[in-house]
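*Asks:* Got a predicted model here, sequence first, then my questions.
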Amino acid sequence: MNNNNFDWETFLQPYEFALTNFLTKLQFIKKQYTTQGLKNPIEDITGRLKSPTSILEKLERLNMDIDDVRDITDIAGVRITCKYIQDVYQIYDILKSRKDIKIVLVKDYIKYPKPSGYRSLHLIAKYNAETINGQMPVYMEFQIRTLAMHLWASIEHSLKYKYYLNIPQSLRNRLTEASKIAYDLDVEMSKIKSDMDSFEEDSERKPTEEKFLSDWFALSDKNIPNSK
């Protein structure tokens, strides 16, 4: 198929629908946590649709033909940021349990970061987009990361463009070190979060225990005869 004759608008419509629809669903999930007074693991949600130029560049980079364009798995992308590392995996569990998508690939760059220092949890999922011709399965990519990971990735991304993908080695080394520092911060903040949760549980349990002891002593006093 000739690239010049390819109908990009029609091709991208199912991806655009899938992206818009799923962003709405995630916003509703976030709202449910808030309205029900639960700890919300979602800090922010964004989405993007690859441009035809970006798709063609990726096809060329992967030595693929335009006929294989539906095999590109990140045309529709959703990014979810969280405060804590444990929130990342909580969101993964939420997505894994959903019936409207099927996760087909997991790339855990948090446990196994890229050599550059990049960390994030990537999920490739299939989603059935509704079209006038019926359901059409399309790939979606989910990137789930902490705020610290997102800050690092954003800076690295901007440097790639600034230096035309050829970041000086000295800066690369400093970025790698910065990634380790950011991850150490994430680990420490996650530990603080766990300690906070334990403290809150103890605080909620203590009034109940105190009331039980108070009631028990009151009942015991009634059963003790007066001694004269």
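*Replies:* Done, it's in.
*Asks:* Spatially central residue for this protein, please.
*Replies:* residue 144 (2.2 Å; Cα atoms, centre = their mean).
*Asks:* Pretty sure that residue sits in a helix.
*Replies:* No. Counting by DSSP: H, G, I helix; E, B strand; the rest coil, residue 144 is not found in a helix; it is strand.
*Asks:* Would you mind naming the residues that pair with it in a beta bridge?
*Replies:* Residues in a beta bridge with residue 144, per DSSP bridges, are residue 80, residue 121.
*Asks:* where exactly do the strands run in this protein?
*Replies:* Applying DSSP state E to the chain gives strands spanning 44-49, 76-82, 101-108, 121-131, 134-146.
*Asks:* what's the average pLDDT for the longest one?
*Replies:* Confidence over strand 134-146, taken as the mean pLDDT, stands at 96.
*Asks:* Kindly report the same for the shortest one.
*Replies:* Per-region confidence: strand 44-49 scores 97 on mean pLDDT.
*Asks:* Could you spell out the sheet neighbours of that strand, each with its direction?
*Replies:* Assessed with DSSP bridges, strand 44-49 is paired to strand 76-82 (antiparallel).
*Asks:* Please report how far residue 165 lies from residue 57.
*Replies:* Between residue 165 and residue 57 the distance, using Cβ to Cβ, to the nearest Å, works out to 12 Å. Backbone N, C-alpha and C define where each C-beta goes, glycine included.
*Asks:* Comparing these two, which residue is more hemmed in?
*Replies:* For residue 165 versus residue 57, neighbours defined as other Cβ atoms under 10 Å are more numerous around residue 57 (12 against 8).
*Asks:* How about the contacts made by that one?
*Replies:* Contact partners of residue 57, counting by Cβ atoms under 8 Å, 6 or more residues apart in numbering, are absent.
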